[in-house]
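[1] Fold the following for me, if possible:
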Amino acid sequence: MLELLLTRPWDAQLIRQARGLRFLVLDELHTYRGRQGADVALLVRRVRDACGSPDVIHVGTSATMSTDGSWPEQQRAVATGASKIFGVDVEPERIIGETLRRATAACEPASAAFRAALRDVVARDALPSEADAAAFLAHPLSSWVESTLGLEEEAGSARLVRSPPTTLRAASTKLAEATSLDATTCLDALRRLLLAGSRGRDANDRPLFAFRLHQFISRGDAVYASPEPETTRHLTLRAQRFVPDSDRAAALLPIAFCRECGQDYYVVHRRETDDGRVLFEPRELSNRFEDEGAEAG
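    All right, here's what the predicted structure looks like:
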């Protein structure tokens, strides 16, 4: 669109109104690479020239521009990329990253005293309540979660960085090793603590613990389910016509998801037979033909 604004005669007035442009902001800067990156880099130069703004301040934002090496190395890598895109010299010290701070009390996860306290609260099921924020953040299990799963110190510095993502099961194994308790007990304790932390609020009305759970399904129409209640239906990612081991008594239908609310729907053709029976047949999401009494829905 910015390219079109520069070339369409009827948008010339808008470009004139942008004379002396002070800021030019590109979001998701890491996506501008290869041929598209070259196109955008040249567009930036044309915008700067068209607006008569040689001293425009360039701003680029990205959460994943560079994650390799130390923080100074990341700054240098991002500065090099930004300089190419914006066509100006971007100094490494101009690269701003996130600054993390602990929410819980600092702890030494490897110390015998801390491990004993951690084992005691997990074994007694003495988990903190989200209603008392101060007690929650001072709890040994909260400190262990943040120190083990949330934050770590960057190698060669005391700078706090995010820990690599992990799974609940892997986290429960770590907690079992630290407490000498069984993994099932530890898994249950971790689940309840994380949920309580997401419900509790700090003085700024933010969650005490903010976490994300990711499940990867590449396409909505790659999920198949039997037409039964949600609590009992069979779900699978493998394309097949019937529920396995059902002797073809239970059909499997593809599912699609609403892009606005996430509601799932069976993707079918509705067809009436000559004797008045109504049949639902699976269809591809893109297949919307309607003939011989078949209605896509």
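
[2] Which element, helix or strand, includes residue 45?
    For residue 45, the host element (DSSP states H and E) is helix 34-50.

[3] Which residues belonging to the next helix or strand after that helix are considered buried?
    The C-terminal neighbour of helix 34-50 among helices and strands, as given by DSSP H and E, is strand 57-60. If you call a residue buried by 16 or more other CB atoms under 10 Å, then strand 57-60 has these buried ones: 58, 60. The C-beta positions use only the backbone N, C-alpha and C, and glycine is treated the same way.

[4] Name the residues that touch the helix holding residue 45?
    Outside helix 34-50, the residues that touch it by CB atoms under 8 Å, 6 or more residues apart in numbering are 2-3, 6, 15, 18, 21, 24, 26, 32, 54, 56, 58, 84-87.

[5] got it, and stretch 9-18?
    4-6, 50-51.

[6] ok, now with 6 Å
    With CB atoms under 6 Å, 6 or more residues apart in numbering as the test, stretch 9-18 has contacts from 5, 50-51.

[7] try stretch 99-112
    Defining contact as CB under 6 Å, 6+ apart, one finds that stretch 99-112 is touched by 114, 137-138, 142-144, 146-148, 160.

[8] same thing but 10 Å
    113-115, 117-118, 133, 136-148, 150-152, 159-162, 174, 178, 197, 202, 206-210 (CB atoms under 10 Å, 6 or more residues apart in numbering).

[9] can you check stretch 272-285 too?
    The contact list for stretch 272-285 (CB under 10 Å, 6+ apart) reads 219-222, 224, 227, 239, 241, 251-256, 265-271, 289, 292-297.

[10] rewinding a little: buried subset of the contacts of stretch 99-112 as a PyMOL selection?
    Those of these that count as buried under 16+ other CB under 10 Å are selected in PyMOL with:
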select buried, resi 114+115+117+118+133+136+137+139+140+141+142+143+144+145+146+147+148+150+151+160+161+174+178+197+208+209
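
[11] How confident was the prediction at the nearest residue to residue 87 once chain neighbours are set aside?
    Of all residues not flanking residue 87 in the chain, residue 45 sits nearest, at 5.2 Å (CB to CB, 6 or more residues apart in numbering). Residue 45 is assigned 96 on the pLDDT scale.

[12] how much space between residue 45 and residue 239?
    Shown here: residue 45 relative to residue 239, a distance of 49 Å by CB to CB, to the nearest Å.

[13] Over to residue 291?
    Counting by CB to CB - residue 291 and residue 239 are separated by 24 Å.

[14] Next: residue 77.
    For residue 77 relative to residue 239 (CB to CB), the value is 42 Å.

[15] What's the separation between residue 283 and residue 190?
    Relative to residue 190, residue 283 is positioned 42 Å away (CB to CB).

[16] wait, residue 72 sits on residue 66?
    No - counting by CB atoms under 10 Å, residue 72 sits too far from residue 66 to count as a contact (11.3 Å).

[17] show me what contacts residue 149?
    162-166, 168, 170-171, 174-175, 190, 194, 209, 211.

[18] Strands - which of the residues you listed land there?
    Secondary structure from DSSP state E places residue 162 of the contacts of residue 149 in strands.

[19] can you give me the strands in the stretch 101-250 of the chain?
    151-153, 160-162, 223-225, 235-236 (DSSP state E, counting those that start in this stretch).

[20] right, and those strands - which one's nearest residue 185?
    In terms of CB to CB, the element of those nearest to residue 185 is strand 151-153, at 24.6 Å.

[21] That closest one pairs with which strands, and in what direction?
    Here strand 151-153 is paired, per DSSP bridges, with strand 160-162 (antiparallel).

[22] For the strand it pairs with, give the mean pLDDT please.
    On average, strand 160-162 scores 90.

[23] residue boundaries of the helices in the stretch 51-200 of the chain?
    Listed in chain order, the helices of the stretch 51-200 of the chain (DSSP state H, counting those that start in this stretch) span 71-86, 112-123, 133-138, 140-145, 168-179, 183-199.

[24] hang on, the earlier thing: ok, of the contacts of stretch 272-285, which come out buried?
    Neighbour-count burial (16+ other CB under 10 Å) applied to the contacts of stretch 272-285 gives 220, 224, 251-255, 266-269, 294.

[25] now the contacts of stretch 9-18 in CSV, with pLDDT and neighbour count?
    As requested, the contacts of stretch 9-18 are exported to CSV (pLDDT from 0 to 100; neighbours: other CB atoms under 10 Å):
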residue, pLDDT, neighbour count
5, 92, 15
50, 94, 16
51, 94, 19
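
[26] Low-confidence bits of the chain, can you list those?
    Within the chain, the stretches with pLDDT under 70 are 215-221, 292.
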